[in-house]
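**Q** sequence and predicted structure, then a few things I'm wondering about:
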Amino acid sequence: MNRTYLKLTLDLDFTLIAITAPLRDYVLCHKINNQLGIELERVEEHEVYLNADEAPLAFSKYCYFIEDRELEYYILANRNPDGFLVPEMSRVDFFMIIRDFIDEEDLEFVLSGLNKLPDIQVAARIDPHKLKSRENLVI
């Protein structure tokens with residue numbers, strides 16, 4: 001009997017920035033909006049099933065879409081009262097996901113703008129392929 005195997009690959013075609021900031025999600029997004037001149041808005045929560053037999057965990061999600069460049073910015077909370085979105089990054093409070101192409105100059109503008117905010121302790125680019133829980137970041 002022939003067997004057919006289905007190989008799934010995750011779409012990790014995005015830029016990932018880890019943000020450590022002891023702020024509420026809406027306060028952080030307001031400060032980012034003012035600093036970068038964007039308009040992050042709260043959208044439906046990002047739900048992740050960490051265990052198949054349990055209810056999904058919900059993490060706050062904010063989004064900003066630039067239509068003419070087809071560029072999407074997301075802020076995802078890493079913390080939830082019941083767990084972490086990416087458990088191996090437990091010291092990170094938020095993730096910024098930039099979907100589609102962003103050139104290095106624009107990325108440097110975003111990173112330097114985030115790091116200029118006094119409430120952000122660190123904002124650094126990380127490679128999503130190196131994360132064990134990378135599937136939790138797929139939007």
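**A** Everything's here; your move. Numbering: from 1, shown residues only.

**Q** output the longest strand seen in the chain as CSV, nothing but the C-alphas.
**A** The single longest strand within the chain, with elements called by DSSP state E, is strand 57-66. Extracted in CSV, the C-alpha atoms of strand 57-66 (Å, rounded to 0.1, in the frame of the first residue of the first chain):
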residue,chain,number,x,y,z
LEU,A,57,-4.9,31.0,25.4
ALA,A,58,-5.7,34.5,24.1
PHE,A,59,-3.1,37.2,23.7
SER,A,60,-3.8,40.8,22.9
LYS,A,61,-3.0,41.9,19.3
TYR,A,62,-2.7,45.3,17.7
CYS,A,63,-2.4,45.9,14.0
TYR,A,64,-1.5,48.7,11.5
PHE,A,65,-1.7,48.2,7.8
ILE,A,66,-0.1,50.4,5.1
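
**Q** buried residues, the helix or strand that contains residue 15. List them.
**A** Per DSSP states H and E, residue 15 falls inside strand 14-20. Across strand 14-20, burial judged by 16 or more other Cβ atoms under 10 Å covers 14-19. Backbone N, C-alpha and C define where each C-beta goes, glycine included.
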